[in-house]
Structures are given as structure tokens and as C-alpha cells.
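Undergrad: attaching a predicted model along with its sequence, questions to come.
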Amino acid sequence: MRYGDWGQRSARCAAIRSETVDVQGASVHYLHARGRPGQPAQLLVHPMGATGTFWLDVIPLLAAQGPVIAPDLPGTFAGHTETPHPRAATAHVNARFLQAFTRTLGLERLTVHGWSMGGLVSLLFARRARAVERLVLTSPTLPGPLTRSEALAWQTLGRLTLAAAVPALRGTLRLYGRRLLEAKLSRGDPVTAPGGGLDLARGDLTRVSPELVALQTEERHEMRDQPGRMADAVVAFASVVSAMYVDRRPVLDAIDQVRAPTLLLWGDQDPLIERSTVDFLLDRRPDWGLRVFEGAGHLMPMELPAAYAEAVSA
């Protein structure tokens, strides 16, 4: 979904624009809102399978802190950014994409907001990008505690399972992905209904704005024209699982080495990121801040955009 001015869709999104830019030969779509001049740009990195539109209710609230930019990452379900090669959807490649994207736009000072897989991508990006002055990680898909036996199981059986399953699932989805998507869309379930997608995040989805729910439904229908992106989602998911459980060392090194002041945001009803993971991260980095949102799930910036903006602005 693209608008020259998103105010055409909702008055509170006025002055948010869809823009495109060429990044190393690939067309990249991003949302842009002018903000307070002279301040760091607010770079918003969306969850896996989402697009920059997941941040729509947050963008106007962050514009007081500086210009806001929310790109569609390569390999996402919907969105309008090209996926130049099969591994473009992985977390490590997306981190390199952010380096190229921010250089192309000439962004020299950044506050980076990473949500879910976007948190993993943002951490890997911030580890090497000198432009990152602050880092906000919302329910990030980062490693948590593992027992010795759990770690061994992931290193052996888990690694073999990923190696075998990813090619098989990619092939299946390329052949039958459109049929599967058509079957789901034909049921007419809203994205917030059981099995609708957003319900997996728990929390109180009645707090998500109706305009944003409608937009996600429309973007799901747009996916019918690009079913191959479902196969890219398998690659993205596998890279997250690997980073959290199998090949953890590069991510643990990034956690230890990132220099930007970092704030963790977490909803206590999040079914995907457990409190034990949050505690594990804070044990490694006691200098990181933490804000817990009671009753919020994995979609906390959608449920509580004003509270999100207040937390990061403070």
C-alpha cells in the first residue's frame, strides 16, 4: 500500500509519505515523515513478515523527536521493496541492507527502533554503524537462556532440521503458496480473529486502531500477486531460529559489543518472547534500560502507540 500523503487514508497520518529509493540496484519503499530539524532520524525496523505500515500509528508521535523513516525490508510478505536474492530476507543480510539504505539517504545520526525480528536486525546493524546514537528493542527475537542439553540438541538436531526443512518448505510454497493464500482469504477472517495472524501476538487487540486492522487486511489481499514471498518468509524465520537457538555466538557478541545506549520494551503478555529472555539480556547488559507494559502482547507498539512514544522519548 502506497500513498503520496497517507492523510488520504487517515487524518492522523497526514504528512506521512511513501517514498522509493534505489539501493544498490534494488527499489526500496519506505514511509517518511518530516520531523523536528537538527535531531537524529528515527529509523523504524518492522517485524518479520510485516511492512513499515506496522508503525503507522507511532510515526506521527515520534516526529517530535526528529524525521521518521520506516523502510520495507527485503523479503517481507507485503510491502514494495525488491528481494534481490534468496538470502536477502535473513537477519544478517537485512542488517547490511540497513547500512546501505542509511548511507544512500545520507543519514548520519540515528535512533534505531527494532521490533521483533526487526530488533535482531537493528542490533546487528547498530553493532557496526557509528551513526546509531540510541537503540530501542521491542520484544526482540534475541537469544535467551539454554541448558547445556538444550544447546546440544539445537546444535545437532535443530541444525539438521533447519537444513532439511527450509528448502522443502520453500519449494512447497512456491508451488502451492497461492492456493493456500487464496483458501485463507476466501474464509474472510479478519486479521484479529483466531487464526487470523495478529491473534498469535496476544495482548488486547481491541486497542489496535480499526484503520490499522483494515490496512493489514488489505495488504494480505495484495500478497496474492506475489506468492513467492511466502517462500522468502521461510528463509527469514529460519534465520531468526538460528540466531536464537543454533548459531547464537554472532548475536551474543553483538549484544556484548553494541555501544549505543539501549532500551528494552516488553509486554508481559508476549507469547513469543519470555521474561527469562529479557532477564538473560539484562544479565549480559545491566546498563540497558527496561520498560515493561502490563497487559500488552507482541504487538505493543500497535496496541499502545502513545505509551510507546512516551517511553522512548523519555
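TA: Happy to help now that I have it.
Undergrad: just the helices in the stretch 101-250 of the chain please.
TA: For the stretch 101-250 of the chain, applying DSSP state H, counting those that start in this stretch gives helices covering 117-128, 148-153, 159-186, 210-222, 228-241, 249-257.
Undergrad: I'd like these as TSV, with mean neighbour count appended.
TA: For every residue, glycine as well, the C-beta is placed using N, CA and C. As requested, the helices of the stretch 101-250 of the chain are exported to TSV (neighbours: other CB atoms under 10 Å):
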stretch	mean neighbour count
helix 117-128	26
helix 148-153	11
helix 159-186	14
helix 210-222	16
helix 228-241	20
helix 249-257	14
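Undergrad: and these: which comes nearest residue 270?
TA: helix 117-128 (12.1 Å; CB to CB).
Undergrad: check which helices and strands the closest one is in contact with.
TA: With contacts taken as 3 or more CB pairs under 8 Å, 6 or more residues apart in numbering; DSSP states H and E, helix 117-128 sits against strand 41-45, helix 91-105, strand 110-115, strand 132-138, helix 228-241, helix 249-257.
Undergrad: circling back to that earlier point, now the helices of the stretch 101-250 of the chain as CSV including distance to residue 288?
TA: Listed next are those as CSV, based on distance: least, CB to CB, whole Å:
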stretch, distance to residue 288
helix 117-128, 11
helix 148-153, 23
helix 159-186, 29
helix 210-222, 29
helix 228-241, 20
helix 249-257, 9
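Undergrad: for these, which has the smallest mean pLDDT value?
TA: Within these, the stretch with the lowest mean pLDDT is helix 159-186, showing a mean of 75.
Undergrad: my guess is residue 207 contacts residue 303, does it?
TA: Yes: in this structure residue 207 lies within contact range of residue 303 using CB atoms under 8 Å: 4.4 Å.
Undergrad: who has more neighbours out of those two?
TA: Using other CB atoms under 10 Å, the more surrounded residue of residue 207 and residue 303 is residue 303, with 25 against 15.
Undergrad: just to revisit the earlier point, ok, which of the helices of the stretch 101-250 of the chain comes nearest residue 107?
TA: helix 117-128 (11.8 Å).
Undergrad: in which helix or strand would I find residue 309?
TA: helix 305-313 (DSSP states H and E).
Undergrad: on that earlier part again, for the helices of the stretch 101-250 of the chain, which one sits closest to residue 9?
TA: Closest to residue 9 of the helices of the stretch 101-250 of the chain is helix 210-222 (CB to CB; 7.0 Å).
Undergrad: got the CA positions of the closest one in CSV?
TA: The C-alpha coordinates for helix 210-222 follow below in CSV (Å, rounded to 0.1, in the frame of the first residue of the first chain):
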residue,chain,number,x,y,z
PRO,A,210,-9.6,-0.1,13.2
GLU,A,211,-7.8,1.8,10.4
LEU,A,212,-4.6,-0.2,11.0
VAL,A,213,-6.5,-3.5,11.2
ALA,A,214,-8.2,-2.7,7.9
LEU,A,215,-4.9,-1.9,6.3
GLN,A,216,-3.3,-5.2,7.4
THR,A,217,-6.3,-7.0,5.8
GLU,A,218,-5.8,-5.1,2.5
GLU,A,219,-2.1,-5.8,2.5
ARG,A,220,-2.9,-9.5,3.0
HIS,A,221,-5.0,-9.4,-0.2
GLU,A,222,-2.2,-7.7,-2.1
